[in-house]
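A.B. asks: starting from these lines, generate the structure:
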Amino acid sequence: MPDTEEIDGDVYVTPRYLAGTTWTGDPALAPLLALGWDLQHDEDGNVYVTAPDRKVRLGYLPEGPDDGLWRITAYEDPFAQPKWGASFNNMCPTEFVTAFTAALADAYTTGPAAYLPEPADDPELDAFRAVAPLIRRGWAIQHPRWGVLEVRTPDGLASLEYTTGRLDAGKELTTLQARWYLQGGPAAAGWYATASTHTPVHLVTTLTTCVSDPEPLPRWKDSMLHYLTDRAQLTPVTPPGPPMPTPLDVHRAATRRRPAPTARSVPRWSTSSPPAAAVAPRAPVRR
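C.D. replies: Numbers count the residues shown, from 1 in each chain. Predicted coordinates:
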């Protein structure tokens with residue numbers, strides 16, 4: 001059993017796509033900073049992390065122009081348009097971003113072929129590797145729409161869309177019209193993640209695997225929006241102890257208490273001799 005003092009929360013949230021953000025970016029930055037990537041920030045508190053070869057960049061933008069809190073881009077040429085980009089909004093569970101950045105860190109360590117791969121011979125077939133974890137965990141394929149494959153959770157509160165065909169590269173990087181669009185939560189507290197064409201499918205697969213993981217996520221209940229707590233299943237990290245008895249419980253217990261045993265006559269040791277037993281008179285004997 002894990003030490004509850006090390007768990008950052010007082011409740012577990014199920015399903016995890018209803019957990020909401022943790023309101024901190026440190027865990028998602030950690031895998032890249034551990035590789036020695038350059039860290040910069042501006043006067044507004046936005047953070048920028050850049051790979052040593054300048055071919056991968058991450059922006060953590062709490063004061064950005066929109067709700068795109070996380071933006072990640074990769075370049076074959078640092079001065080050209082990004083080859084691919086991914087984004088996560090400000091309500092996205094931080095664990096999902098962390099799963100992506102951890103996989104990106106592993107890919108960067110492996111080499112350019114892992115984070116700047118060549119296009120697949122069959123993009124749709126290759127993309128299905130990222131959809132498969134969702135289907136295995138109960139997400140259902142929706143009625144087909146022209147050029148879009150969609151899978152959705154049974155409760156309808158999370159879905160993934162994969163768009164086929166040609167897309168505008170510029171719009172993919174600046175709007176929600178991207179190759180991959182993953183979203184969850186009720187509208188008032190919803191989150192989304194996007195990934196453009198040429199995003200390594202193994203990175204997207206890591207993300208879909210994390211999102212659909214049945215394990216709950218820890219959260220501080222008071223920091224969660226009620227839109228989420230009203231729909232998610234919350235389980236205390238520390239199981240509650242037995243309830244304290246009420247005055248009525250104490251009174252009822254007292255009335256059911258067994259009476260104290262009464263004194264009984266017990267023979268005591270004595271120096272006097274006991275009286276002789278009475279002897280029945282004998283009948284006269286005939287002579």
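
A.B. asks: biggest helix in the protein by residues?
C.D. replies: Determined from DSSP state H, the single longest helix within the chain is helix 94-110.

A.B. asks: what's the mean pLDDT across the next helix or strand after that one?
C.D. replies: Once the chain leaves helix 94-110, the next helix or strand it forms, by DSSP states H and E, is helix 112-115. Mean per-residue pLDDT for helix 112-115: 97.

A.B. asks: name the helices or strands packed onto helix 112-115?
C.D. replies: helix 94-110 (3 or more C-beta pairs under 8 Å, 6 or more residues apart in numbering; DSSP states H and E). (C-beta placed from N, C-alpha, C; glycine too.)

A.B. asks: residues in contact with the helix it packs on?
C.D. replies: Outside of helix 94-110, the residues within contact range by C-beta atoms under 8 Å, 6 or more residues apart in numbering are 16, 19, 21-22, 24-25, 27-32, 34-35, 51, 56, 58, 70, 72, 86, 88, 114-115, 193, 200, 202-203, 206-207, 209-211, 217.

A.B. asks: and these, which of them are in strands?
C.D. replies: V56, L58, W70, I72, A86, F88, A193, L217 (DSSP state E).

A.B. asks: from the centroid of this protein, which residue is nearest?
C.D. replies: Closest residue to the average C-alpha location of the chain: L217 at 2.5 Å, with C-alpha atoms, centre = their mean.

A.B. asks: average pLDDT across stretch 131-138?
C.D. replies: On average, the pLDDT along stretch 131-138 is 98.

A.B. asks: and the residue nearest to P112 when sequence neighbours are not counted, how far is that from T101?
C.D. replies: In space, P112 comes closest to K55 once its chain neighbours are excluded; the distance is 7.6 Å by C-beta to C-beta, 6 or more residues apart in numbering. Distance of K55 to T101, given as C-beta to C-beta, to the nearest Å: 15 Å.

A.B. asks: higher neighbour count, those two?
C.D. replies: More crowded of K55 and T101, by other C-beta atoms under 10 Å: T101, with 24 against 19.

A.B. asks: quick check, nearest of the ones in strands among the contacts of helix 94-110 to V11?
C.D. replies: The nearest member of the ones in strands among the contacts of helix 94-110 to V11, counting by C-beta to C-beta, is L217 at 9.6 Å.
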